[in-house]
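Enquirer: sequence and predicted structure below; questions after.
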Amino acid sequence: MKDSFGSVIYIGKAVSLKRRVAQYFNRNYRHSMKIASLVKMIADFEWLETRSDAEALILESKLIKQWKPRYNTLLKDNKQFLLLRVEMFEDLPRFTFARQRKEDNSLYFGPYLSGTYVRAALAELKKRFGILLADAHPKQIGENLWQLYDDARAEISGQNNEITKEEYADRLNQALEFLRGKNELLLEETEAKMRRAAENTDFERAAKYRDLIGAMRETVTMNRTADVRADISKTPRERAAEALQSLQKILGAATPPQSIECFDISHISGSFCVASMVRFEEGLPAKQKYRRFKIKSFTGNDDFRAMNEVVMRRYKRLKDEGAPMPNLVLIDGGAQQVAFAARAFAEVGAHPQNMLGLAKKEETLVLEGGAEIKLPRSDEGLKLLQRVRDEAHRFANAFSEELRSKKIRESILDDFAGLGPKRKARLLEAFGSIAKIKAANMQELAQVEGIGLETARALYEFLRRNFGERKADV
């Protein structure tokens with residue numbers, strides 16, 4: 001709906017456009033003051049036809065975010081629908097999620113209206129094809145031999161966990177064929193499982209398969225109209241070399257920045273405040289050199305102070321050890337974050353070879369002193385910096401989540417009144433994890449120093465009563 005100046009004042013959708021629009025001009029239809037005001041303003045209409053309800057919902061959201069009509073109160077935020085992202089720039093591409101498309105040589109599928117559906121479909125693809133998801137951190141264990149998951153129990157079903165890049169590429173292609181709607185075998189197998197479960201009157205299992213089939217069909221349907229694009233003609237090393245040459249020009253350096261270190265801060269409303277440092281060498285992740293930091297100098301929510309602390313700790317140590325500084329220090333943030341990082345270097349009595357901030361909103365590069373550089377989104381140097389920043393963000397969030405999970409697990413023993421700090425520590429030392437304590441029998445619990453048979457029996461019954469029978473971690 002437009003006003004007399006041609007400005008968009010309202011965007012809506014309807015199965016029957018005639019019926020929906022007529023409501024606004026029906027005298028017998030009760031309008032709020034807001035709708036009455038809107039109707040007085042309407043001078044013109046423009047409409048677009050879509051092929052499905054899902055497409056209409058996505059288009060409505062996109063247009064409202066673009067035009068921000070004054071009479072639309074919902075969907076004006078910047079939250080986007082979920083996208084499935086395949087990181088084709090990695091040696092072993094992972095399947096992750098994103099909210100926005102980037103020119104980063106990834107494949108993007110979607111957008112998806114239901115995150116629940118696409119997550120369920122992706123979990124099934126992981127089991128069926130043995131692909132890598134966001135939680136995987138593959139390790140090279142030999143020449144052209146990789147371990148996909150640290151713990152492969154029930155992760156990838158009957159698939160090998162140790163494979164070559166060529167074998168993984170075959171798995172990847174099978175999963176991509178399914179996402180593009182060109183491989184119906186997985187759907188047919190799941191439908192057969194659903195029918196067998198129903199024939200055996202296992203209706204609960206049949207219902208789960210039915211929901212999974214719906215999730216997979218929804219995912220494939222959305223992918224058929226998706227903008228799936230990526231330049232996969234170059235190897236990761238070729239793209240990295242091109243990106244480093246671009247960064248050399250940007251920095252005005254004599255040589256490309258072969259080593260890049262990036263910092264990110266993560267916390268939940270000031271709690272579990274941690275930082276990450278990731279390191280890229282020759283444009284590729286050097287994961288064995290990643291570092292994690294707990295914030296020690298204060299408690300609360302202050303990203304600037306946290307950035308100052310971790311930068312100072314990192315480079316004071318390098319200076320004390322006589323180790324070389326990285327060619328480029330990348331800070332996740334704008335001018336203020338860069339200023340606090342620069343202050344940390346000054347306090348240490350060192351200076352980085354090069355330092356940049358990457359401001360997230362416009363993906364602007366920020367130099368020391370606050371000057372800004374805006375690069376085209378297609379620039380390979382910018383894409384590399386985005387990958388480094390995103391990896392630091394992922395690594396920081398994973399550390400924060402790990403601390404939260406550990407705190408939750410340890411609080412299980414806090415709820416048992418018969419244990420003090422010392423006996424709790426002895427149990428954890430003896431078994432190594434809460435999961436193994438929960439899996440232990442009474443005799444095993446009683447063998448721990450200071451526990452005894454009576455406490456062991458009470459603890460065993462407490463764990464069974466509250467958490468059921470669980471298998472121990474291997």
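Expert: That came in fine, so what should we check first? All figures in this text were calculated on a predicted structure; none of them were measured in a lab. Numbering: from 1, shown residues only.

Enquirer: alpha carbons only for contacts and neighbour counts from here, please
Expert: Noted.

Enquirer: where do the strands sit along the stretch 1-150 of the chain?
Expert: Assigned by DSSP state E, counting those that start in this stretch, the strands in the stretch 1-150 of the chain fall at 82-86, 94-98, 107-112, 132-133, 139-142, 145-147.

Enquirer: for residue 206, which of those is the nearest?
Expert: The minimum distance between residue 206 and those falls on strand 107-112, with 24.7 Å, by CA to CA.

Enquirer: okay, now the sheet partners of the closest one, with direction.
Expert: strand 82-86 (antiparallel) (DSSP bridges).

Enquirer: show me the shaky parts of the stretch 201-350 of the chain.
Expert: 222-235, 267-272, 299-300 (pLDDT under 70).

Enquirer: okay, domains of the protein per the record?
Expert: For the chain, the structural domains run 1-78, 82-224, 236-401, 415-467, going by automatic domain parsing.

Enquirer: ok, the closest residue to residue 102 other than its chain neighbours - contacts?
Expert: The shortest distance from residue 102 to any non-neighbouring residue, by CA to CA, 6 or more residues apart in numbering, is to residue 377 (7.7 Å). Contacts of residue 377 were listed using CA atoms under 8 Å, 6 or more residues apart in numbering, and they are 102, 103, 383.

Enquirer: the stretch 251-400 of the chain: strands as residue ranges?
Expert: For the stretch 251-400 of the chain, the strands defined by DSSP E, counting those that start in this stretch occupy 259-268, 271-281, 284-285, 291-294, 328-332, 355-359, 364-367, 372-373.

Enquirer: then the fifth one to CSV, C-alphas only?
Expert: It stands for strand 328-332. Taking C-alpha atoms only, strand 328-332 is exported to CSV below (Å, rounded to 0.1, in the frame of the first residue of the first chain):
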residue,chain,number,x,y,z
LEU,A,328,48.6,-9.0,11.4
VAL,A,329,46.5,-8.7,14.5
LEU,A,330,42.7,-8.6,13.7
ILE,A,331,40.3,-7.3,16.3
ASP,A,332,36.6,-8.2,16.1
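
Enquirer: can you list contacts of that strand?
Expert: Counting by CA under 8 Å, 6+ apart, 257, 259-264, 337-338, 341, 352-360, 385, 389 sit against strand 328-332.

Enquirer: in that strand, what's buried?
Expert: Across strand 328-332, burial judged by 16 or more other CA atoms under 10 Å covers 328, 329, 330, 331, 332.

Enquirer: can you show me the helices along the stretch 351-474 of the chain?
Expert: Using DSSP state H, counting those that start in this stretch, the helices of the stretch 351-474 of the chain run over residues 380-414, 421-431, 434-439, 442-446, 452-467.

Enquirer: so for residue 71, which of these sits nearest?
Expert: helix 380-414 (36.0 Å).

Enquirer: just to revisit the earlier point, would a markdown table of the strands of the stretch 251-400 of the chain with distance to residue 141 be doable?
Expert: Formatted as a markdown table, the strands of the stretch 251-400 of the chain follow (distance: least, CA to CA, whole Å):
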| stretch | distance to residue 141 |
| --- | --- |
| strand 259-268 | 23 |
| strand 271-281 | 19 |
| strand 284-285 | 16 |
| strand 291-294 | 21 |
| strand 328-332 | 29 |
| strand 355-359 | 34 |
| strand 364-367 | 37 |
| strand 372-373 | 40 |
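
Enquirer: quick one, helices of the stretch 151-300 of the chain?
Expert: Going by DSSP H, counting those that start in this stretch, the stretch 151-300 of the chain shows helices at 165-179, 185-199, 203-224, 236-251.

Enquirer: need those helices in TSV (columns: mean neighbour count and distance to residue 6).
Expert: What follows is the helices of the stretch 151-300 of the chain, written out as TSV (neighbours: other CA atoms under 10 Å; distance: least, CA to CA, whole Å):
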stretch	mean neighbour count	distance to residue 6
helix 165-179	17	41
helix 185-199	15	48
helix 203-224	18	33
helix 236-251	18	43
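
Enquirer: just tell me which of those ends up closest to residue 33.
Expert: Comparing the helices of the stretch 151-300 of the chain by CA to CA, helix 203-224 comes nearest, at 38.4 Å.

Enquirer: this completes my enquiry, with thanks.
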